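[1] next comes the sequence, and after it the predicted model I'd like to discuss.
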Amino acid sequence: MDLSYGAEIESFREEVRKFLAANWPLQGEEAGRSREEQTRLFRERAIAEGYLCRNVPRKYGGSEQPADPLRAQVIREEFTAAHAPMEPRGIGTMMLVPTLLERGEEWQKEKFVGPTIRGEITWCQGYSEPGSGSDLASLKTRGELVGDDWVINGQKIWTSGAMEADYMFCLVRTEPEAPKHAGISYLLIDMKSPGIDVRPLRQMTGSSEFNEVFLTDVHTPRDWIVGKRGEGWLVSRTTLKHERNSIGAAAQSLGLLEGLVDLAKERRLGGRPAIEDPGIRRALVEIEGYVRAHQYSGYLQMTKGLKGEDAGIIQLMNKLNSTNIGHRVAHLAMEILGDEGLRAPSSRGLGLSAAGTSTESWIAQYMASLGIAIAGGTANIQRNVIAERGLGLPRDSAANRSK
Ligand SMILES: Cc1cc2nc3c(=O)[nH]c(=O)nc-3n(C[C@H](O)[C@H](O)[C@H](O)COP(=O)(O)OP(=O)(O)OC[C@H]3O[C@@H](n4cnc5c(N)ncnc54)[C@H](O)[C@@H]3O)c2cc1C
């Protein structure tokens, strides 16, 4: 097994390093500007150089590079090492932009893609409803065409970031007579529209990152639909594919493990550093086994992509592996923290990112690891997908009954 990237890619790495050394952090007068302004300037230069927004055409503000997973990986590695800004990490860039590029109208791409990748506008995802999560196609929020507008009535829930988002991409039932998957459309909604009531939900971490969103006679223009009327289910599948890929990066698991090892070195258990405790050492090695397996699956997936082959089941396993590891890591951190782990969490939700060594961060990490395993399709639903699409096992009978 050859894990090197090859001479051509390593020389590309040198180019990226030179660019970063010259451009991040910003120098001279620019270094005195606000963090936001510095990030904007840096991103502009990185896009011009072809390092960021690589899959977005130039006419919509991207750098339009040919698909190249190895170069993309090197950029991620080097930008992360230099703590340089990447694309804004939001639902808009990760989920909506790829969906619009694949299925949107020309005017929709022109209007929304550039401002989204520059971080000028933000989005929230209006899919889940009180009675429709895993069985999303049963959703009931209605959209009716009245004159030149869609008029929307219903309720969404668990809508992350809705309290500050500018727009929502939303699934609504527009053909009540059609079979459930066929009756849904994918609409874009301005969150400032009259009739939208956003109510934050307080989580056990203490923060309020997601919301209930009530929609009462909300108007959105007739052409703010992505894909054809009644084809919203198909369009939403594009978005979810991107969501699952984005959550599944092995690099995050490695970062978490490193943070956990640091914690085990710093904290004491039974009068000695936790890292010297045989039980903790055994658990750490076990987790490292999962992390390395995840990392090498990532390499295999990349190699298959480079050869133009379908990554098949490996791709389907990404999210489940990431969230399982995230949970194991956080669980062991709680064991290391002992009674300290019973303290109230900080209000920062960390998801799958590195938690450092502070007690509050690890408590928040533990709680967030439970939520991440649910967001974007629960772990059990992932298992169903792996079993059915990956292994060819018979369809889940409960799911069949509900369709
Ligand atoms: C942190 C977080 C952020 C979120 N952000 C958003 C957002 O921005 N926008 C949005 O629209 N939604 C969001 N969600 C909602 C998320 O998509 C749903 O919670 C998820 O799809 C599960 O739906 P549910 O909560 O209704 O659970 P249910 O579907 O009721 O599931 C309950 C339990 O039953 C299991 N289950 C259900 N069906 C099956 C089956 N067929 N086979 C086996 N097990 C099954 C599930 O695995 C789960 O354990 C977010 C959720 C979280 C936790």
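    Yes, it's here.

[2] residues of the stretch 51-200 of the chain that sit close to the ligand?
    Counting by C-beta under 6 Å from any ligand atom, the stretch 51-200 of the chain comes close to the ligand at 124-128, 133-134, 158-160. Using the backbone N, CA and C atoms, a C-beta is placed for each residue, glycine as well.

[3] same thing but at 8 Å, please
    91, 124-128, 130-136, 156-162 (C-beta under 8 Å from any ligand atom).

[4] ok, of those, which come out buried?
    The neighbour count (16 or more other C-beta atoms under 10 Å) marks 91, 124-128, 132-133, 136, 156-162 as buried among those.

[5] leaving out the residues flanking it, which one is nearest to Met86?
    Phe79 (5.5 Å; C-beta to C-beta, 6 or more residues apart in numbering).

[6] same thing with Leu70?
    Ile9 (5.1 Å).

[7] Val89: helix or strand, and which one exactly?
    Just so we're on the same page, residue 89 is Arg rather than Val. Assessed by DSSP states H and E, Arg89 sits outside every helix and strand.

[8] out of the buried ones among the residues of the stretch 51-200 of the chain next to the ligand, which sit inside helices?
    Ile91 (DSSP state H).

[9] taking the buried ones among the residues of the stretch 51-200 of the chain next to the ligand together, which two end up most distant?
    The largest separation in these, counting by C-beta to C-beta, is between Ser132 and Gly161 at 19.8 Å.

[10] what about Ala81, distance to the ligand?
    Ala81 is 29 Å from the ligand, where distance means C-beta to the nearest ligand atom, to the nearest Å.

[11] give me the neighbour count for that residue.
    Ala81: 10 surrounding residues under other C-beta atoms under 10 Å.

[12] what's near enough to touch it?
    Listed by C-beta atoms under 8 Å, 6 or more residues apart in numbering, Ala81 has no contact partners.

[13] now Gly230: closest residue in space, sequence neighbours ignored.
    Nearest to Gly230 is Glu175, by C-beta to C-beta, 6+ apart, at 5.0 Å.

[14] coming back round to it: am I right that the residue nearest to Leu70 is in contact with Val74?
    Yes - applying C-beta atoms under 8 Å as the test, Ile9 and Val74 come out as touching, 6.1 Å apart.

[15] so those two - more neighbours on which side?
    Using other C-beta under 10 Å, the more surrounded residue of Ile9 and Val74 is Val74, with 21 against 14.

[16] secondary structure element holding the more buried one?
    Applying DSSP H and E, one finds Val74 within helix 69-81.

[17] got a list of what Ile314 touches?
    By C-beta under 8 Å, 6+ apart, the residues touching Ile314 are 297, 300-301, 304.

[18] over to Lys140?
    Contact analysis of Lys140 by C-beta under 8 Å, 6+ apart lists 129, 131-132, 154, 173.

[19] and Val261, by the same measure?
    275, 284.

[20] again, only this time at 7 Å
    For Val261, the contacting residues are Leu284, by C-beta atoms under 7 Å, 6 or more residues apart in numbering.

[21] using PDB, write down the CA coordinates of the one helix or strand it maps to.
    Secondary structure assignment for Val261, by DSSP H and E: helix 250-266. Taking C-alpha atoms only, helix 250-266 is exported to PDB below (Å, rounded to 0.1, in the frame of the first residue of the first chain):
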ATOM      1  CA  ALA A 250     -11.900  11.200   8.800                       C
ATOM      2  CA  ALA A 251      -9.700  14.200   9.600                       C
ATOM      3  CA  GLN A 252     -12.200  15.300  12.200                       C
ATOM      4  CA  SER A 253     -11.900  12.000  13.900                       C
ATOM      5  CA  LEU A 254      -8.200  12.200  14.000                       C
ATOM      6  CA  GLY A 255      -8.300  15.700  15.500                       C
ATOM      7  CA  LEU A 256     -10.700  14.500  18.200                       C
ATOM      8  CA  LEU A 257      -8.500  11.500  19.100                       C
ATOM      9  CA  GLU A 258      -5.500  13.900  19.400                       C
ATOM     10  CA  GLY A 259      -7.500  16.100  21.700                       C
ATOM     11  CA  LEU A 260      -8.400  13.100  23.800                       C
ATOM     12  CA  VAL A 261      -4.800  11.900  24.100                       C
ATOM     13  CA  ASP A 262      -3.900  15.400  25.300                       C
ATOM     14  CA  LEU A 263      -6.600  15.300  27.900                       C
ATOM     15  CA  ALA A 264      -5.500  11.900  29.100                       C
ATOM     16  CA  LYS A 265      -1.900  13.200  29.500                       C
ATOM     17  CA  GLU A 266      -3.100  16.300  31.400                       C
END
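
[22] cheers, nothing more for now.
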